[in-house]
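**Student:** Sequence first, predicted model second:
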Amino acid sequence: MNSLAKNAHEDLLALAAARPRWSRRDFMAGAAVSGVTGFALAAQPVCAQPLVYTEPRGLTAGMVELPTDNVVIPAYYAMPANMRLPATTSSLPVMVVVQEIFGVHEHIKDVCRRFAQQGYLAIAPELFHRQGDASKLKDNKEIFEQIVSKVTDWQVMRDIDAAVRWATRNGGSRYKLGITGFCWGGRIAWLYPAHNDYVKASVAWYGRLTGEKTLLTPLHPIDVVDNIRVPVLGLYGAADAGIPVKDVELMRAELHKRPLSEPSTLHLYPDTPHAFFADYRASYREKQAIDAWDRCLAWFKRSGVHA
């Protein structure tokens, strides 16, 4: 086992035993789903024009560089324009937005701007930067084989740590930290609160809950329930071909065994597919997306991320 794999294995296994350290519309028709990964794989174009566009009016937004583990990765951020960089005070609530398998494309950037319009400093780190550019690959299968299958959870946790450090040095408060993620990032939105003790709440959008344990992904959300001590809202579709309802019910049951003062909740939308929030994909469901977004914002307010 090389040193990176060994570190990845040991670092993620530590989540099960201890409290943390610092702590993309023409797409999914006829999609096939990989039982191993839980991600939708289809030989379709991976990107289309989003239906929703949030104007950056009143915002400061753009790309920044994040030093992390002897490399520099890019990230997209958005925040209210009345804050200047570098900020002399740290008061804004911070929202980490975790990408799908397609990287930090226009939809993810738009989500950052939506949060910024609500008063957040939102940041989406390019978590696949070391492995490649998903936008240059022709379909989901290539993205998974050439990029996703090479990304370690250990790397992801540390890169998100770097995003949080940048945010808290540029106008954000580490004491008002939230995280949200979609699909591939939805799984990360379950794992990261078990890694960083400063996270106050999380919203996980149709993220995988169970799966095969490997050196790259040694633990899954179902395995870190004991270490999730902040409220997590899971948003799932009952017609998701990659995440069966039985997995949602299993996670719900495990969470109920460990009640918190503000317990986690999994909301299941009937007859709703995977990626129902992704307004650039055929899976988009406007009614459910609007309802889920309202639930997301309310969840973070109720949990103290955004007063």
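**Tutor:** Structure received.

**Student:** Please report the number of neighbouring residues for the nearest residue to residue 134 once chain neighbours are set aside.
**Tutor:** Among residues not flanking residue 134 along the chain, residue 103 sits closest, at 4.3 Å (CB to CB, 6 or more residues apart in numbering). No exception for glycine: its C-beta is placed from N, CA and C like everyone else's. Counted by other CB atoms under 10 Å, the residues lying close to residue 103 total 23.

**Student:** can you map out the helices along the stretch 151-300 of the chain?
**Tutor:** 153-168, 184-191, 245-256, 286-302 (DSSP state H, counting those that start in this stretch).

**Student:** which helices and strands does the shortest one pack with?
**Tutor:** I take that to be helix 184-191. strand 92-98, helix 153-168, strand 172-182, strand 199-205, strand 232-237 (3 or more CB pairs under 8 Å, 6 or more residues apart in numbering; DSSP states H and E).

**Student:** Between strand 172-182 and the second one, find me the angle.
**Tutor:** If I follow you right, that is helix 153-168. 140 degrees (axes from the mean of the first three to the mean of the last three CA atoms, to 10 degrees).

**Student:** helices or strands next to helix 153-168 in the packing?
**Tutor:** Judged by 3+ CB pairs under 8 Å, 6+ apart, the packing partners of helix 153-168 are helix 3-13, strand 59-68, strand 71-80, strand 92-98, strand 121-125, strand 172-182, helix 184-191.

**Student:** Can you pull out the residues in contact with the second one?
**Tutor:** To tie it back to what came earlier, the one meant is strand 59-68. Strand 59-68 has contacts (CB atoms under 8 Å, 6 or more residues apart in numbering) with 72-81, 83, 85, 109, 112-113, 116-117, 123, 125, 158-159, 161-163, 165-166.

**Student:** When you filter these down to buried only, what's left?
**Tutor:** 73, 75-80, 83, 109, 112-113, 116-117, 123, 125, 158-159, 161-163, 165-166 (16 or more other CB atoms under 10 Å).

**Student:** ok, back up a step: if I look at the residue nearest to residue 134, how far off is residue 289?
**Tutor:** 21 Å (CB to CB, to the nearest Å).

**Student:** swap in residue 278?
**Tutor:** When CB to CB is the yardstick, residue 278 and residue 289 sit 8 Å from each other.

**Student:** Looking at these two, which has the bigger crowd around it?
**Tutor:** Ranked by neighbour count (other CB under 10 Å), residue 278 and residue 289 place residue 278 first, with 28 against 21.

**Student:** Tell me the pLDDT of that one.
**Tutor:** With respect to pLDDT, residue 278 scores 97.

**Student:** my read: it touches residue 284, true?
**Tutor:** Yes. Between residue 278 and residue 284 there is a contact under CB atoms under 8 Å: 5.7 Å.

**Student:** what pairs with residue 79 across the strands?
**Tutor:** On the basis of DSSP bridges, residue 79 is bridged to residue 60.

**Student:** quick one: contacts for it?
**Tutor:** For residue 79, the contact set (CB under 8 Å, 6+ apart) comprises 59-61, 92, 116, 120-122, 171-172.

**Student:** closest to residue 260 among the residues you listed?
**Tutor:** The shortest approach to residue 260 among the contacts of residue 79 belongs to residue 120, at 23.4 Å (CB to CB).

**Student:** gap between the closest residue to that closest one other than its chain neighbours and residue 50?
**Tutor:** Excluding the flanking residues, the one nearest residue 120 by CB to CB, 6+ apart is residue 95, at 4.4 Å. Distance of residue 95 to residue 50, computed by CB to CB: 19 Å.

**Student:** Next: residue 258.
**Tutor:** 38 Å.

**Student:** Could you check which of those two has the larger neighbour count?
**Tutor:** Taking neighbours as other CB under 10 Å, residue 258 and residue 50 compare with residue 50 leading, 21 against 13.

**Student:** SS state for that one?
**Tutor:** coil (DSSP: H, G, I helix; E, B strand; the rest coil).

**Student:** Quick check: it vs residue 251, distance?
**Tutor:** In terms of CB to CB, residue 50 sits 29 Å off from residue 251.
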